[in-house]
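In: Need coordinates for the following:
(2 chains)
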Amino acid sequence: GENVEQHPSTLSVQEGDSAVIKCTYSDSASNYFPWYKQELGKRPQLIIDIRSNVGEKKDQRIAVTLNKTAKHFSLHITETQPEDSAVYFCAASGAAVGGNMLTFGGGTRLMVKP
Amino acid sequence: DTEVTQTPKHLVMGMTNKKSLKCEQHMGHRAMYWYKQKAKKPPELMFVYSYEKLSINESVPSRFSPECPNSSLLNLHLHALQPEDSALYLCASSQERRQETQYFGPGTRLLVL
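Out: Numbers count the residues shown, from 1 in each chain, chains lettered A, B, ... in the order given. Sure, this is the predicted structure:
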């Protein structure tokens, strides 16, 4: 089955700096890569996703890049703000009978210091 | 309506109790999921329903019994749980097609005594 590794496990940045979180996956058949943000006690919320037919996607301060050859993808947050502090999970979706079978990375706790 | 709802928010149960978790969505999604999330860990997939039929069971113990009464509802019946089953149980839904976003509910925080 799919295996997703995520690094770093914790990341502390100063407000206004950029943050980068990296993930690698094992199954070359995976073709959908979402990123979720989970604040303490809250549900995971999708912040951006990328499909295998594109290499980069951007939404305001957030961008994701995908390298299918190397089987890795990254989340980039620019101009970080204290409200960006949360746990971020990457995920990869492989073939499944109905729906998407997401395998999550271990998570990155991002702390943005004011 | 772009929200997945779950009840109850919190549940405390003994090891001999029987309880049920409920999940509802009105987005017309035909795939629904149960995940288990332990503290400081990612969500772990338990079950997937596609068009109201169980399509994936990730080797979950039989003390967890899912049910999909209709396309909007998903239940998780709990019986004879163990303290290590204490966790946040998340429901999610998506369009049945691949590469579609999964939307999560707020979860039920379960404590087994």
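
In: rest of the way, CA atoms for contacts and neighbours
Out: Fine.

In: which residues in the chain form strands?
Out: Going with chain A. Remark: strands assigned in chain A by DSSP state E are A:4-7, A:10-14, A:19-25, A:32-38, A:45-51, A:56-59, A:62-67, A:72-77, A:86-94, A:101-104, A:108-113.

In: meant chain B, my bad for not saying
Out: Using DSSP E, strands in chain B cover B:4-7, B:10-13, B:18-25, B:31-37, B:44-50, B:53-57, B:64-70, B:73-79, B:87-94, B:103-104, B:108-112.

In: By mean pLDDT, show me the worst of those strands.
Out: For those, the weakest mean pLDDT is recorded on strand B:53-57, namely a mean of 89.

In: Which positions in chain A make contact with chain B?
Out: Contact residues (Cα under 8 Å from any Cα of the partner chain) of chain A with chain B: A:31-32, A:34, A:42-46, A:51, A:89, A:93, A:95, A:97-107.

In: just to revisit the earlier point, closest to B:Arg30 out of the strands of chain A?
Out: With Cα to Cα as the measure, strand A:101-104 is the member of those nearest B:Arg30 (14.0 Å).

In: quick one on the thing from earlier: need the strands of chain A in a markdown table (columns: mean neighbour count).
Out: Listed next are the strands of chain A as a markdown table, based on neighbours: other Cα atoms under 10 Å in any protein chain shown:
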| stretch | mean neighbour count |
| --- | --- |
| strand A:4-7 | 19 |
| strand A:10-14 | 15 |
| strand A:19-25 | 21 |
| strand A:32-38 | 22 |
| strand A:45-51 | 19 |
| strand A:56-59 | 14 |
| strand A:62-67 | 19 |
| strand A:72-77 | 20 |
| strand A:86-94 | 26 |
| strand A:101-104 | 25 |
| strand A:108-113 | 20 |
